[in-house]
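Novice: coordinates only, sequence not included:
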């Protein structure tokens with residue numbers, strides 16, 4: 001068997017067939033022609049993907065596998081855990097540049113096949129998203145989640161000069177912030193092939209500005225010692241026990257103070273500030289504990305006293321990859337003049353916010369705190385301590401409760417009544433064929449129809465079907481909603497529009513349901529805060545009726 005043959009575990013076979021793992025175990029026992037393991041162990045066998053697919057097709061049990069999933073399995077088979085190297089090899093293949101370790105011929109052909117269906121930039125972007133989803137699910141490589149990238153992009157705004165990320169990883173943060181007028185993007189990362197992948201990805205995705213990357217640990221081996229950036233963004237690995245303090249005692253980056261050995265997080269913070277140009281800003285993600293740990297109080301106090309800390313944002317738990325603990329976004333600035341006596345630090349508490357919609361904080365979750373108020377013995381900068389919880393009172397609670405009742409009334413009857421179906425909709429067409437035929441356009445991962453012969457709502461509704469979702473979900477459970485690998489039924493336009501109308505009704509219902517749930521939680525929180533602060537009272541006890 002060729003070395004390039006992808007191997008899959010029983011869980012992936014179950015996903016391909018749309019069955020449970022127990023069913024796969026039964027097939028192995030009952031069917032003598034079931035493929036033999038080609039790797040793994042007795043308790044965790046691995047099977048040749050091509051053999052499995054042929055067996056499933058003969059048995060009529062298989063489901064089509066999205067091409068992107070096939071490529072991911074092929075890369076896993078070739079590189080094992082080194083998916084960063086695999087992505088760098090794909091980017092090199094698409095760029096026509098020599099790779100340090102080229103892809104095998106079969107995998108290179110699969111890459112070429114996919115590149116004929118989409119742009120090279122879309123392909124590497126899709127693989128990068130799958131890499132992030134896989135790392136987030138497994139807790140492997142350090143990555144920034146899409147939700148966290150979106151938050152940082154919101155607070156970063158646009159710049160016209162240089163953007164720098166000293167822990168750039170796969171490049172999601174570095175390549176996403178700054179806007180269309182960025183002149184240069186600079187990134188460094190200790191993970192071997194990621195800096196090269198980021199460089200190639202930026203070119204393939206046609207990101208604005210030039211790109212320069214380097215390999216190495218930014219704290220121990222700063223490859224851009226003279227760089228001053230207009231915007232620095234960083235989601236560094238947290239809690240590093242050995243970040244190189246003993247080697248860096250006299251390093252010029254410690255403009256505020258030499259970080260204690262236990263404060264690797266504040267070492268990253270000072271590194272980012274050192275590389276910030278006058279008038280520029282640095283946005284750094286740190287654990288919530290960095291705002292109050294006793295070992296870091298001197299550095300925190302100096303950041304505040306010197307006017308370097310502009311904003312501190314407390315974010316909800318679960319926003320960072322690999323753990324559910326809350327994190328903070330520190331926004332530093334390099335001021336061009338000394339702070340005045342009325343200087344403040346903006347504190348924003350988003351720990352209870354739903355960041356799926358607007359990121360802009362409500363006014364009651366923001367406080368401009370005078371610097372003098374933060375310079376006590378502890379220098380505890382936790383936003384929740386300084387943003388007033390608010391005294392909602394009866395009026396605010398009544399408004400929220402009334403709005404919740406209004407939303408509930410709107411839900412009644414919003415869920416459509418659907419009669420039992422008898423139509424066979426088995427005949428399907430691959431969306432990639434519709435794209436090649438010019439009938440479907442994909443922008444930012446969203447598909448839409450370009451012709452009256454295909455209803456967009458019909459298309460979007462079937463893209464969310466259980467079959468298409470399974471097709472784009474790997475054995476590890478990571479999902480990438482790539483419309484190109486999906487299949488949709490073949491129907492005449494009038495029939496499509498009836499389905500499209502039903503899908504629109506369902507989408508409207510879901511939106512209203514989510515809004516009602518959000519308002520219900522808001523009303524409950526106002527009630528709880530009012531009861532505990534004394535601005536609301538429990539309802540009077542109901543007197544028992546006198547039956548006599």
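Specialist: Yep, that arrived. This is a predicted model, so every value here is computed, not measured. Numbers count the residues shown, from 1 in each chain.

Novice: pull out the buried residues from the host helix or strand of residue 277.
Specialist: Assessed by DSSP states H and E, residue 277 sits inside strand 276-287. By 16 or more other CB atoms under 10 Å, the buried positions in strand 276-287 come out as 276-277, 280-287. C-beta coordinates here come from the backbone N, C-alpha and C atoms, glycine included.

Novice: strands of the stretch 51-200 of the chain, start to end?
Specialist: 162-165, 184-189 (DSSP state E, counting those that start in this stretch).

Novice: what lines up beside the longest one in the sheet?
Specialist: Sheet pairing of strand 184-189 (DSSP bridges) gives strand 162-165 (parallel), strand 210-215 (parallel).

Novice: ok, the closest residue to residue 525 other than its chain neighbours - how many residues close by?
Specialist: Spatially, and ignoring its direct neighbours in sequence, residue 525 is nearest to residue 352 (7.1 Å; CB to CB, 6 or more residues apart in numbering). For residue 352, the tally of surrounding residues (other CB atoms under 10 Å) stands at 12.

Novice: run through the residues that contact residue 293.
Specialist: Residues in contact with residue 293 (CB atoms under 8 Å, 6 or more residues apart in numbering) are 262-263.

Novice: next one: residue 310
Specialist: By CB under 8 Å, 6+ apart, the neighbours of residue 310 are 281, 331-333, 345-346.

Novice: now with 10 Å?
Specialist: By CB atoms under 10 Å, 6 or more residues apart in numbering, the contact set of residue 310 is 281-283, 303, 330-333, 335, 344-346.

Novice: still on that earlier bit, the residue nearest to residue 525: helix or strand, and which one exactly?
Specialist: Here residue 352 is assigned to no helix or strand, by DSSP H and E.

Novice: isn't residue 232 right up against residue 276?
Specialist: Yes. Taking CB atoms under 10 Å as the definition, residue 232 is a contact partner of residue 276 at 5.3 Å.

Novice: where do the contact lists of these two overlap?
Specialist: Common neighbours of residue 232 and residue 276 (CB under 10 Å, 6+ apart) are 164, 282, 332, 334.

Novice: hang on, the earlier thing: could you export the buried residues of strand 276-287 to a markdown table, including columns for pLDDT?
Specialist: Shown next, in a markdown table, are the buried residues of strand 276-287 (pLDDT from 0 to 100):
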| residue | pLDDT |
| --- | --- |
| 276 | 98 |
| 277 | 98 |
| 280 | 97 |
| 281 | 98 |
| 282 | 98 |
| 283 | 99 |
| 284 | 98 |
| 285 | 98 |
| 286 | 97 |
| 287 | 95 |
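
Novice: what's the helix or strand for residue 323?
Specialist: Short version, using DSSP H and E: residue 323 is in no helix or strand.

Novice: against residue 432, how distant is it?
Specialist: 37 Å (CB to CB, to the nearest Å).

Novice: these two: which has the busier surroundings?
Specialist: Set residue 323 next to residue 432 and count neighbours by other CB under 10 Å: residue 432 wins out with 22 against 13.

Novice: in three-state terms, label the more buried one for me.
Specialist: Taking DSSP: H, G, I helix; E, B strand; the rest coil as the rule, one finds residue 432 in the helix state.

Novice: that one is in contact with residue 485, isn't it?
Specialist: Yes. If you go by CB under 10 Å, residue 432 and residue 485 touch, sitting 7.1 Å apart.

Novice: which one of the shared contacts of residue 232 and residue 276 is nearest to residue 52?
Specialist: When the shared contacts of residue 232 and residue 276 are ranked by distance to residue 52 (CB to CB), residue 164 comes first, at 46.0 Å.

Novice: got a list of what that closest one touches?
Specialist: Contacts of residue 164 by CB under 10 Å, 6+ apart are 174, 184-188, 212, 218, 224, 227-234, 272, 275-277, 280, 282.

Novice: also residue 305?
Specialist: 256, 339, 343, 371-372, 374-375, 379.

Novice: quick check: end-to-end length of stretch 98-105?
Specialist: Counting by CA to CA, to the nearest Å, you get 14 Å between the two ends of stretch 98-105.

Novice: equivalent analysis for stretch 205-225, please.
Specialist: 28 Å.

Novice: so what's the gap between that stretch and the chain middle?
Specialist: 22 Å (CA atoms, centre = their mean, to the nearest Å).

Novice: ok, now stretch 76-83?
Specialist: Using CA atoms, centre = their mean, the offset of stretch 76-83 from its chain centre is 22 Å.

Novice: in it, what's buried?
Specialist: Result for stretch 76-83 [16+ other CB under 10 Å]: buried residues 76-79, 82-83.

Novice: hang on, the earlier thing: of the buried residues of strand 276-287, which is the nearest to residue 420?
Specialist: Out of those, the member with the shortest distance to residue 420 (by CB to CB) is residue 285, at 51.0 Å.

Novice: now do the contacts for residue 382.
Specialist: So residue 382 contacts 288-292, 312, 314, 328, 347, 349, 351 (CB under 10 Å, 6+ apart).

Novice: again, but for residue 484
Specialist: With CB under 10 Å, 6+ apart, residue 484 has these contacts: 66-68, 114, 117-118, 122-123, 126, 430-436, 440, 442, 445, 447, 472.

Novice: now do residue 165
Specialist: Contacts of residue 165 by CB under 10 Å, 6+ apart are 144, 171-175, 177, 185-189, 198, 213, 218, 229, 231-236, 272.

Novice: residues in contact with the residue nearest to it when sequence neighbours are not counted?
Specialist: In space, and not counting its chain neighbours, residue 165 is closest to residue 174: 4.0 Å by CB to CB, 6+ apart. Counting by CB under 10 Å, 6+ apart, residue 174 touches 144, 149, 163-168, 182, 185-189, 198, 201-202, 207, 211, 213, 233-234.

Novice: quick revisit: who wins for proximity to residue 526 among the strands of the stretch 51-200 of the chain?
Specialist: Using CB to CB, the nearest of these to residue 526 is strand 162-165, at 39.5 Å.

Novice: avg pLDDT for that closest one?
Specialist: For strand 162-165, the mean pLDDT works out to 98.

Novice: local confidence estimate at the spatially most central residue of the chain?
Specialist: By CA atoms, centre = their mean, the chain has its centre lying nearest to residue 146, at 2.1 Å. Residue 146 carries a pLDDT value of 91.
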